[in-house]
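[1] Here is the input, now give the coordinates:
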Amino acid sequence: MPDHEVPPGPPNPHTGQEDDPVARVRDADAWDRRHRYPYVVLRGPVFGYAQQAAGSSGWRLLCTMSDGYPQDARDGLNSHLWFKAKDDADSPGTRRELLDAVARLETEPVDEVTAGGVRYRVLRGDEFARLGPGGMEPPRPTDPEPAVPDWAPRRRRTPSRVTGHVIDPRQPAAGMELLERKALARLCYTAERYPRDVRRDSARALATHPGVTLLPATFTAVEEKPDSWEPLVGPQPTPHDARRSLATAMEEFWPRIHHYGPAETADYARAAARYRSAHQEDTLRVRGRCFRIVRTQSLVRLGPDGPEGPRPSDTDVSEPSRTHPVMDEHGTITWDH
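    Okay, here's the model as predicted:
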């Protein structure tokens, strides 16, 4: 069941972007989908890390914002700062500051550190999808697609549109983005299946971090089941990346992981081949199963001091630890034996 129904909003929104034809088309697309998929379903928290330079109100994301646990994001920040100390520090003093921050992250579950006049913070977001009578929302016509689809598995992935995205509380929004932010501002975890402390922290965040910003959309493949939708691949930057990941998984990975027999392996290989020939098809059926490409997005809540960090009820499955060798302020690395 949906956790929150987004109200339909005013009938003819004034976008404030009449001079931008691309924005007009994107807003019309979003408005259409808002009515065809009126429900917003929270899929769970995601975590990442960002930096804020001194004197700036913006926070630049340094990752894809897709970690499932706060400690995963802390470990990612730990690694980011270690390599920054190794490769980018312009003085022993700056390197020492970075390494001191690394040392804290190795031993404490801290969500913010400062080094070289830059604040680094672990951020929390909520991933959501739109839902309508036909199921979860598929990609939109205005979502990014490659000019020439490439189905071959590649070492170099399409660059993330989330990494490098700047969250700036002072940046104004217009058009459908403004309406979306307002509609999602009261979104919280209310379903009884969520633990009480999760619902309590979610309700509290409405007051402590009343603002909302939206990250660029991502795309994934899900399997349609009688009472649920099961994600099968990680978030991808374009619908085509999600399609290619699904086809590759069906043909190369699933037979080995699930120990398919020859007939089952052949069925999935033929289905993957048909899927590739269809180019931009977002539904695939094989052996009684239904797979779809769906559009997901994450919101980050904003308070007086910027983006929200992890909540007390957010869980972890690991603890802080050292993930890189010891380095001194001169860049000398000591390898363990």
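[2] Please enumerate the helices of this protein.
    21-36, 70-87, 92-107, 175-184, 196-208, 239-248, 254-257, 262-277 (DSSP state H).
[3] okay if I get those helices as TSV plus mean pLDDT, distance to residue 219 and mean neighbour count?
    For every residue, glycine as well, the C-beta is placed using N, CA and C. Below are those laid out as TSV (pLDDT from 0 to 100; distance: least, Cβ to Cβ, whole Å; neighbours: other Cβ atoms under 10 Å):
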stretch	mean pLDDT	distance to residue 219	mean neighbour count
helix 21-36	89	14	15
helix 70-87	98	21	21
helix 92-107	97	31	19
helix 175-184	90	18	19
helix 196-208	97	26	15
helix 239-248	94	4	24
helix 254-257	95	19	13
helix 262-277	95	15	15
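[4] so which of those comes closest to residue 54?
    Judged by Cβ to Cβ, the one of the helices of the chain that comes nearest to residue 54 is helix 92-107, at 13.0 Å.
[5] ok so, going back, determine which of the helices of the chain approaches residue 42 most closely.
    Among those, helix 196-208 comes nearest to residue 42, with 8.8 Å by Cβ to Cβ.
[6] residues in contact with the closest one?
    185, 186, 188, 189, 190, 194, 301, 303, 308, 311, 312, 313 (Cβ atoms under 8 Å, 6 or more residues apart in numbering).
[7] Most neighbours of all those residues, which one?
    Neighbour counts for the contacts of helix 196-208 peak at residue 301, which has 24 neighbours (criterion: other Cβ atoms under 10 Å).
[8] Hmm, that one is touching residue 310, no?
    No - the criterion here is Cβ atoms under 8 Å, and residue 301 misses it with residue 310 at 11.9 Å.
[9] Identify the contacts common to these two.
    residue 124.
[10] quick one on the thing from earlier: now distance to residue 293 too, for the helices of the chain, in JSON lines please.
    Output for these, formatted as JSON lines (distance: least, Cβ to Cβ, whole Å):
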{"stretch": "helix 21-36", "distance to residue 293": "15"}
{"stretch": "helix 70-87", "distance to residue 293": "25"}
{"stretch": "helix 92-107", "distance to residue 293": "36"}
{"stretch": "helix 175-184", "distance to residue 293": "21"}
{"stretch": "helix 196-208", "distance to residue 293": "29"}
{"stretch": "helix 239-248", "distance to residue 293": "5"}
{"stretch": "helix 254-257", "distance to residue 293": "17"}
{"stretch": "helix 262-277", "distance to residue 293": "10"}
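[11] who wins for proximity to residue 120 among those helices?
    Nearest to residue 120, of these and by Cβ to Cβ, is helix 70-87 at 5.8 Å.
[12] and that closest one with helix 92-107, angle?
    160 degrees (axes from the mean of the first three to the mean of the last three Cα atoms, to 10 degrees).
[13] Which strands or helices does helix 70-87 pack on?
    Packed against helix 70-87 by the contact rule (3 or more Cβ pairs under 8 Å, 6 or more residues apart in numbering; DSSP states H and E) you find strand 39-53, helix 92-107, strand 112-115, strand 118-132, strand 326-327.
[14] Generate TSV for these, with distance to residue 283 as supplementary columns.
    Output for these, formatted as TSV (distance: least, Cβ to Cβ, whole Å):
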stretch	distance to residue 283
strand 39-53	19
helix 92-107	43
strand 112-115	43
strand 118-132	15
strand 326-327	50
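[15] Tell me which of the ones you listed sits nearest to residue 317.
    strand 39-53 (12.6 Å).
[16] which stretch among the helices of the chain comes nearest residue 292?
    When these are compared by Cβ to Cβ, helix 239-248 sits nearest residue 292, at 9.4 Å.
[17] coming back round to it: and the contacts of helix 196-208 as a markdown table, adding distance to residue 129 and pLDDT?
    A markdown table is the format used below for the contacts of helix 196-208 (distance: Cβ to Cβ, whole Å; pLDDT from 0 to 100):
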| residue | distance to residue 129 | pLDDT |
| --- | --- | --- |
| 185 | 18 | 94 |
| 186 | 18 | 93 |
| 188 | 16 | 92 |
| 189 | 15 | 92 |
| 190 | 17 | 91 |
| 194 | 17 | 92 |
| 301 | 18 | 97 |
| 303 | 25 | 96 |
| 308 | 20 | 98 |
| 311 | 21 | 98 |
| 312 | 26 | 97 |
| 313 | 22 | 97 |
